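In: test case, fold it:
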Amino acid sequence: MDRREGIVTMGGNPVTLLGKEIKVGDKAPDFTVLKNDMTPYSLKDAGDSVKIISVVPSVDTGVCELQTINFNETATELGDVVIFTISVDLPFAQKRFCGTHGIDKAITLSDHKDLSFGLNYGFVMEESRLLARGVIVLDKDNTVRYVEYVKEVGTHPDYDKVMEEVKRLI
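Out: Residues are numbered from 1 along each chain as shown. Okay, the predicted model is just below:
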């Protein structure tokens, strides 16, 4: 298994990321996660739309909450773009979060069971078994067009760069 150190910090402390690092130009690997109703969901289920994959450690933290809300609001402006928020939160917690915060456009997905997404995209923090914060943009053919592993897990991704790339693709 690939291990990368020093790419990301959490609370200022370096963490080890597990899994293969994703890069621009890569064909996006498939993954299987769980929807809020506990049914499996994979990349191919999203069809041939442009995709934003918003990766967060837990929807129950402030920055993750704001990131998820931001992308949910963005979804209404973009049209044919599928937006996922992926964390290792249990599907029940994600469902509660969506209901509480009116998340109705972005799809929350749980990687808690197998870490399929986290390992295939290199976002698993070994020390906590949480996903590091980041964003990936895929084109309609599931080619990676933008990747950000946020340097400090407690900070926001670069929303402007994400939107710049998405607008080029739609």
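In: and the spatially most central residue of the chain, what pLDDT?
Out: Nearest to the geometric centre of the chain sits Val55, at 2.4 Å (C-alpha atoms, centre = their mean). pLDDT, the model's per-residue confidence, is 98 for Val55.
In: and it, how far from Gly79?
Out: 23 Å (C-beta to C-beta, to the nearest Å). Where you see a C-beta, it was placed from the backbone N, CA and C, and this is true even at glycine.
In: try Leu138
Out: 16 Å.
In: please say which of the two ends up with more neighbours.
Out: Leu138 (24 against 9; other C-beta atoms under 10 Å).
In: what bridges to the more buried one?
Out: According to DSSP bridges, the partner residues bridging Leu138 are Lys51, Val144.
In: okay, and the helix or strand of this structure with the least pLDDT?
Out: Within the chain, confidence by mean pLDDT, DSSP states H and E is lowest for helix 62-78 among all helices and strands, at a mean of 87.
In: which strands and helices sit next to it?
Out: strand 50-55, strand 81-87, helix 91-101, helix 159-169 (3 or more C-beta pairs under 8 Å, 6 or more residues apart in numbering; DSSP states H and E).
In: and the angle for it with helix 159-169?
Out: 30 degrees (axes from the mean of the first three to the mean of the last three C-alpha atoms, to 10 degrees).
In: buried sites along helix 62-78?
Out: Using 16 or more other C-beta atoms under 10 Å as the test for burial, helix 62-78 gives 63-65, 67-72, 74-75, 78.
In: ok, so of those residues, who is nearest Asn142?
Out: Within the buried residues of helix 62-78, the smallest distance to Asn142 is 17.5 Å, found for Leu78 (C-beta to C-beta).
In: ranking the helices and strands packed on helix 62-78 by mean pLDDT, which is last?
Out: Among the helices and strands packed on helix 62-78, helix 91-101 carries the lowest mean pLDDT (a mean of 90).
In: which residues touch that helix?
Out: 34-38, 59-60, 65, 68-69, 72, 87, 89, 103-104, 108-110, 112 (C-beta atoms under 8 Å, 6 or more residues apart in numbering).
In: just checking, next helix/strand downstream of it?
Out: strand 107-110 (DSSP states H and E).
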